[in-house]
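Engineer: need a structure here:
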Amino acid sequence: MDTATLTDRLTRTLEQGRAPDLHAVVAARHGRVILEHYGEGEDFRLNEPLGRVRFTPDTLHDLRSVTKSVVGLLYGIALAEGRVPEPREPLLRGFPEYPDLAEDPRRARLTVEHALTMTLGLEWNEDVPYTSPANSEIAMELAPDRFRYILQRPVVEEPGLRRSYCGGASALVGRIIEKGTGLALQDYARDRLFAPLGIERFEWSTGADGVAMAASGLRLTPRDMLAIGRLVLDGGGGVVPASWLETALRPHVRIDDDSHYGYHWYVGDTWAAGFGNGGQRIYLAPALDLVVAVTAGQYDRPDQPAASVVLDEVILAGLQS
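Structural biologist: Reported below is the predicted structural model:
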């Protein structure tokens with residue numbers, strides 16, 4: 001399947017209105033770009049309207065929760081450097097400033113791995129729009145101490161029992177990285193992950209407390225998203241330890257019949273991915289030696305088909321035809 005044919009398939013799909021609000025897609029197979037498209041549409045930096053944007057290869061875009069997958073990679077790098085605890089270590093050992101919480105035997109059982117797999121067993125709700133303070137991630141951002149806010153949430157089930165989507169878990173992972181490395185999360189990412197990949201331009205939004213938003217604040221270009229995906233597909237390239245990727249991309253906890261969750265990465269039988277609100281994707285298909293980066297503007301909508309349509313009906317179907 002050549003680039004022109006895939007481009008034609010994408011053009012027809014867009015003309016039929018099947019991938020609305022698609023901002024960009026870049027796909028590479030065997031290290032060669034096989035599809036690259038940039039569109040135009042309304043965009044946001046988190047909840048800040050940016051107006052109508054004409055996207056180019058140099059346009060930074062919100063990753064939203066694909067940020068979490070990048071944070072998962074950073075933890076693996078920091079672990080190899082001996083800067084952060086092993087995943088099985090107690091989570092609250094990394095937060096000695098909250099001795100009262102550590103006295104609760106239910107919270108004392110929490111481990112770093114529970115944060116990496118989002119199986120903390122704490123009350124957390126991100127099913128309401130991210131424009132609402134009733135959303136737990138937004139409430140966390142508004143709290144005077146985001147980390148106490150997360151760790152003192154009511155315990156509703158045994159940790160490790162079930163994955164419950166939780167941006168707070170990512171915030172905890174990010175904070176452990178910052179404490180262990182002595183660097184702000186964005187600075188550690190710049191030095192240890194982005195610079196080795198040649199990524200020079202990025203933004204990482206911070207909260208009112210100046211803390212980088214580990215759950216959703218990263219902005220990259222689609223080509224740089226692709227570079228991160230390629231790094232993962234290639235076993236870390238000496239930047240992220242291969243042993244960490246093997247563990248991180250293992251299905252640790254079931255989500256549904258088709259997918260599991262690893263260490264901040266989604267895992268299927270034939271794929272792994274980072275997913276973000278609005279249609280953001282870093283998608284890997286190892287058997288096809290395929291990496292795809294998608295950005296879209298379907299933020300906070302119950303149905304966000306653009307990324308799935310482009311992946312399934314344009315790229316994967318095109319490669320199989």
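Engineer: show the contacting residues for residue 152.
Structural biologist: 98, 101 (Cβ atoms under 8 Å, 6 or more residues apart in numbering). In this view, the C-beta of every residue, glycine as well, is placed from N, C-alpha and C.
Engineer: for residue 140, see how far away it is.
Structural biologist: Using Cβ to Cβ, to the nearest Å, residue 152 is found at 11 Å from residue 140.
Engineer: residue 53 now?
Structural biologist: Distance from residue 53 to residue 140, by Cβ to Cβ: 28 Å.
Engineer: tell me which of those two has more neighbours.
Structural biologist: With neighbours defined as other Cβ atoms under 10 Å, residue 53 and residue 140 compare such that residue 140 has more, 22 against 16.
Engineer: pretty sure that one contacts residue 148?
Structural biologist: No: in this structure, residue 140 is not within contact of residue 148 by Cβ atoms under 8 Å, at 10.1 Å.
Engineer: what about the closest residue to residue 122 other than its chain neighbours, helix or strand, and which?
Structural biologist: Of all residues not flanking residue 122 in the chain, residue 153 sits nearest, at 4.1 Å (Cβ to Cβ, 6 or more residues apart in numbering). Assessed by DSSP states H and E, residue 153 sits outside every helix and strand.
Engineer: what sits against residue 153?
Structural biologist: Each residue near residue 153 by Cβ under 8 Å, 6+ apart is listed here: 122-124, 136, 168.
Engineer: of all the residues you listed, which two lie farthest apart?
Structural biologist: For the contacts of residue 153, the farthest-apart pair by Cβ to Cβ is 123 and 168; their separation is 10.3 Å.
Engineer: helix or strand right after the helix or strand encompassing residue 25?
Structural biologist: Following DSSP H and E, one finds residue 25 within strand 22-29. Using DSSP H and E, the next helix or strand after strand 22-29 towards the C-terminus is strand 32-38.
Engineer: and the following helix or strand past that next one, average pLDDT?
Structural biologist: Downstream of strand 32-38, the first helix or strand assigned by DSSP H and E is strand 40-45. Averaging pLDDT along strand 40-45 gives 97.
Engineer: cool, stretch 109-122 as well?
Structural biologist: 99.
Engineer: same deal with stretch 145-153?
Structural biologist: Averaging pLDDT along stretch 145-153 gives 98.
Engineer: now do the buried residues in that stretch.
Structural biologist: With burial defined by 16 or more other Cβ atoms under 10 Å, the residues of stretch 145-153 counted as buried are 146-147, 149-151, 153.
Engineer: quick one on the thing from earlier: with neighbour numbers in mind, choose between residue 123 and residue 168.
Structural biologist: Counted by other Cβ under 10 Å, residue 123 and residue 168 do not tie: residue 168 has more neighbours, with 25 against 13.
Engineer: for the more buried one, which non-adjacent residue is spatially closest?
Structural biologist: Distances taken as Cβ to Cβ, 6+ apart put residue 150 closest to residue 168, at 3.7 Å, once the chain neighbours are dropped.
Engineer: contacting residues around the one you found?
Structural biologist: Residues near residue 150 by Cβ under 8 Å, 6+ apart: 122, 140, 168-169, 171-172.
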